[in-house]
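Peer 1: structure for the following, please:
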Amino acid sequence: MRVLHVITGLNAGGAEHQLRVLLRRLPHDCEVVTLSNPGPVAEAMRADGVTVHELSMSSNHDLRAVGKLRRLMKDGRYDLVHCHLYRAMLFGRVAARLAGVPTIVATEHSLGDGVIEGRRTSIGVRALYAASERLGHTTIAVSESVAGRLRSWRVPASRISVLPNGIDAGEFTFDPRLRWQARARLGIAQDAVVVGGVGRLEPTKRFDRLIRAVAEVPDVTLLLVGHGPAREALERVAEMHGIAHRVVFAGAVGHARDMLCAMDVFASPSDSETFGLAVLEALACGLPALYAVCPPLDELTAPGGHGPPDTPGARRLSAYPEALPRTLRAELACLTERRGGRLPVPDVVARFDTATVAASVDRLYERLAARPRRRLLHPPMEIKGARG
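Peer 2: The predicted model follows:
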C-alpha cells in the first residue's frame, strides 16, 4: 500500500517525532510531505530512507498548497493519505478528495480543552475542523481524553479510533556517558541536582510553574528542553524569582535521550496534555516523573476498577499551587536516599511499545482499504485559489 503522510511541519516536536517512529515500523511504502518548516526531523527521516516532499507554504492561508498537494497525490497514485496536525488536516483532506485518494485518515495529536496545538480555539476553527473531518474516513485519537473532545466537536464516535502514541523504550535507556557529555555541553556541573522538563515552550505547558517551584528549592538547576514563543516570558519569570543563573534553556533537540540522561528528576506541570509522551520517555530513562496530566497513566484501570494503578516512579501532582514545590522536595529527598541512582523502568512503558502501536495502525489501514467503496453523490468542488 502506498501511503502519503501529510504534516504541517517537521521541526522538533512530539507529533513530528511520533511520525518518524511510526514510519520505521509500518509495513507500507510510506512517503511524507511537510507543508512548511522541514527542520531536523525531516533530515532524520531522510537519513532513515524516507522520501520527504516540501511544499514551502508562504503562510497559513496559502491556498495554493491545496493544488500542490492534489498534484502530488495524483502523480504519486497513493492508496491512502494520513494527515497530522491541524493545518495539514484542513489542506490534506481537501486535496486528497480532489485527487481521488481512496482512503483518508488523520491523527489528532494536540486537541486539548479549548486549545489545539497550544492555541485557543474559536468558532471558526471548530467549524473548519468539522467540515474537513467529514471529508476523511477516520480520525485517530491518541487517548480517550482526545476522543471525548472530538465527540464534543460533533465528530461521530463511529469515525473515531483510539490508538495511542508509541515509544521505543530502548531509545531512552540511561547512559552515564551521555549524561556527562550533555552536562558538559550545557555548562551544568556534573554533581549538580537537575530537575528537567521537555516540550514546546508555550503557555499551556506551564513551565512557569516549574520555574516558581525550583525557586523554592535551593541548590537545584532547572533544565528546560524545547523551543517556542514563551521562552522570553519564561526567562523573565526566572529573573523575577532571582534564579536565572539556575535555569538552563537547551533549545530544541533532535532526540531527548541525552537531555533526559542529564536530569535527576523529570517534571511535567501542564494540565492540558493530550498524551504526555515525555512522561513515558522519562520513565523509560529511569527518571522519577512528576506530572499533572498523563492520559497513558491516568486512563489505566487498577484491579477492581477503582481508578488508575500506581506507576512506580511516577507521582501525580495535585491541583493546589503549592503541590509542585512540595512534591519536588519530597522527590529530591528520595533521590538523596538512593544516592542518585536510576529507577527500574515500569511495566507500563511496554504497553505503548512502538511495534504494537504500528501494528494497530496497520490493521486500521487494512480494514479501511477493504471497506465497500461508496460513490460520492456530489463530487467535491474545486477550491478557489487551489490551482496553480
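
Peer 1: ok, the nearest residue to residue 257 once chain neighbours are set aside to residue 261 distance?
Peer 2: Nearest residue to residue 257, sequence neighbours excluded (C-beta to C-beta, 6 or more residues apart in numbering): residue 172, at 5.3 Å. (C-beta placed from N, C-alpha, C; glycine too.) According to C-beta to C-beta, to the nearest Å, residue 172 and residue 261 sit 9 Å apart.

Peer 1: find residues that contact each of these two.
Peer 2: By the contact definition C-beta atoms under 8 Å, 6 or more residues apart in numbering, residue 172 and residue 261 are jointly contacted by residue 285.

Peer 1: relative to residue 94, how far out is the residue nearest to residue 257?
Peer 2: Between residue 172 and residue 94 the computed distance is 37 Å (C-beta to C-beta).

Peer 1: can you check residue 215 too?
Peer 2: 48 Å.

Peer 1: who has more neighbours out of the two?
Peer 2: residue 94 (24 against 19; other C-beta atoms under 10 Å).

Peer 1: the more buried one is in contact with residue 132, isn't it?
Peer 2: Yes. Between residue 94 and residue 132 there is a contact at 6.6 Å, judged by C-beta atoms under 8 Å.

Peer 1: for residue 23, what are its contacts?
Peer 2: 5, 30, 32, 45, 48, 50.

Peer 1: quick one, helices of this structure?
Peer 2: 14-23, 39-47, 64-76, 86-99, 123-133, 144-152, 176-186, 207-215, 231-240, 257-262, 277-284, 295-298, 323-337, 354-369 (DSSP state H).

Peer 1: can you list those in CSV and add mean pLDDT?
Peer 2: Listed next are those as CSV, based on pLDDT from 0 to 100:
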stretch, mean pLDDT
helix 14-23, 91
helix 39-47, 91
helix 64-76, 96
helix 86-99, 95
helix 123-133, 86
helix 144-152, 91
helix 176-186, 97
helix 207-215, 96
helix 231-240, 98
helix 257-262, 97
helix 277-284, 95
helix 295-298, 88
helix 323-337, 92
helix 354-369, 96
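
Peer 1: nearest to residue 105, of these?
Peer 2: helix 354-369 (6.9 Å; C-beta to C-beta).

Peer 1: return the set of buried residues in the closest one.
Peer 2: By 16 or more other C-beta atoms under 10 Å, the buried positions in helix 354-369 come out as 354, 357, 358, 360, 361, 362, 364, 365, 368.
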